[in-house]
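Chemist: pasting the structure only:
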């Protein structure tokens, strides 16, 4: 079945450490996205990529980095510069970046600070 | 302040009852998506609206975008336990034409038997 796989489902980080969240899709979608979800704040866009080897900052990119070396993969690194990393992280993809192509979401990674 | 306001924040309805969730913005909604999320999981696409006055239905769920394109509503008829979850609206409020969506804070729906 085609879909988006996020791993791990739960992740714990010590303060000062970088951690990388994995997102893989086999939908042959060009565009991919990372969101952060906090209680009471909805989803906020961290980074997005409309095509391989290209990505753009979203609304809350500070303290995060991404790469898009392969069409199917869009890993997110939460760096030590992100002061409040505890959140639920969602990855999504769409066929293109055009508005009329709905996003398909993975099941998320919950990141907690030890 | 939130650019997309959803109301109510939470809702408990008896099975079989109808309900409406609203998504409101002070800015033009150039296009809007409704998604459903089960707690701790990803979002599932429900419907997309782009034109003022547009209305779409799927099974027992109807979504509308008002003529002024500043409010959308999601109506569920004869609710069932399977409708329980968090409903989120996401919209293009910057007229980018792309999938740079701003999301509401969500409405948590519980359906009691």
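Modeler: It's in. Keep in mind that this is a model prediction, so the values were computed, not measured. Numbers count the residues shown, from 1 in each chain, chains lettered A, B, ... in the order given.
Chemist: Find the nearest non-adjacent residue to the closest residue to chain A within chain B, please.
Modeler: Residue nearest to chain A within chain B (Cβ to the nearest Cβ): residue B:42, separated by 3.5 Å. Where you see a C-beta, it was placed from the backbone N, CA and C, and this is true even at glycine. Leaving aside its sequence neighbours, residue B:42 sits nearest to residue A:105 (Cβ to Cβ, 6 or more residues apart in numbering or on different chains; 3.5 Å).
Chemist: show me what contacts the residue of chain B most remote from its centre?
Modeler: Seen from the C-alpha centroid of chain B, the residue lying at the greatest distance (Cα atoms, centre = their mean) is residue B:113, 23.0 Å away. Counting by Cβ atoms under 8 Å, 6 or more residues apart in numbering or on different chains, residue B:113 touches B:15, B:81.
Chemist: Test for you: state the pLDDT assigned to it.
Modeler: The confidence metric pLDDT takes the value 90 at residue B:113.
Chemist: where exactly do the helices run in chain B?
Modeler: Using DSSP state H, no helices are found in chain B.
Chemist: So which residues on it come close to chain A?
Modeler: By Cβ under 8 Å from any Cβ of the partner chain, the residues of chain B that approach chain A are B:2, B:4, B:30-31, B:33, B:35, B:40-45, B:48, B:50, B:88, B:90, B:92, B:96-101, B:103-106.
Chemist: Buried ones from those residues, can you make that a ChimeraX selection?
Modeler: Of the residues of chain B next to chain A, the buried ones can be selected in ChimeraX as follows, counting by 16 or more other Cβ atoms under 10 Å in any protein chain shown:
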select /B:4,31,33,35,41,42,43,48,88,90,92,98,99,100,101,103,104,105,106
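Chemist: circling back: tally of neighbours for the residue nearest to residue B:42?
Modeler: With neighbours defined by other Cβ atoms under 10 Å in any protein chain shown, the count for residue A:105 comes to 23.
Chemist: Need the phi and psi values for residue A:64.
Modeler: phi -130, psi 150 (degrees, to the nearest 10).
Chemist: show me what contacts the closest residue to chain B within chain A?
Modeler: Residue nearest to chain B within chain A (Cβ to the nearest Cβ): residue A:105, separated by 3.5 Å. If you count contacts by Cβ under 8 Å, 6+ apart, residue A:105 has them with A:4, A:90, A:91, A:92, B:35, B:42, B:43, B:44.
Chemist: closest to residue B:11 among these?
Modeler: residue B:35 (16.5 Å; Cβ to Cβ).
Chemist: Tell me the spacing between the residue farthest from the centre of chain B and residue B:79.
Modeler: Remark: distance between residue B:113 and residue B:79 (Cβ to Cβ, to the nearest Å) = 11 Å.
Chemist: Mutual contacts of those two, please.
Modeler: Joint contacts of residue B:113 and residue B:79 (Cβ under 8 Å, 6+ apart) are residue B:15.
Chemist: is it true that residue A:49 touches residue A:34?
Modeler: No. Residue A:49 is beyond contact range of residue A:34, at 9.0 Å (criterion: Cβ atoms under 8 Å).
Chemist: Compare these two (neighbour count), which wins?
Modeler: residue A:34 (26 against 21).
Chemist: What confidence value was assigned to the residue lying closest to that one once chain neighbours are set aside?
Modeler: Distances taken as Cβ to Cβ, 6+ apart place residue A:46 nearest to residue A:34, at 4.4 Å, with adjacent residues excluded. We have a pLDDT of 97 for residue A:46.
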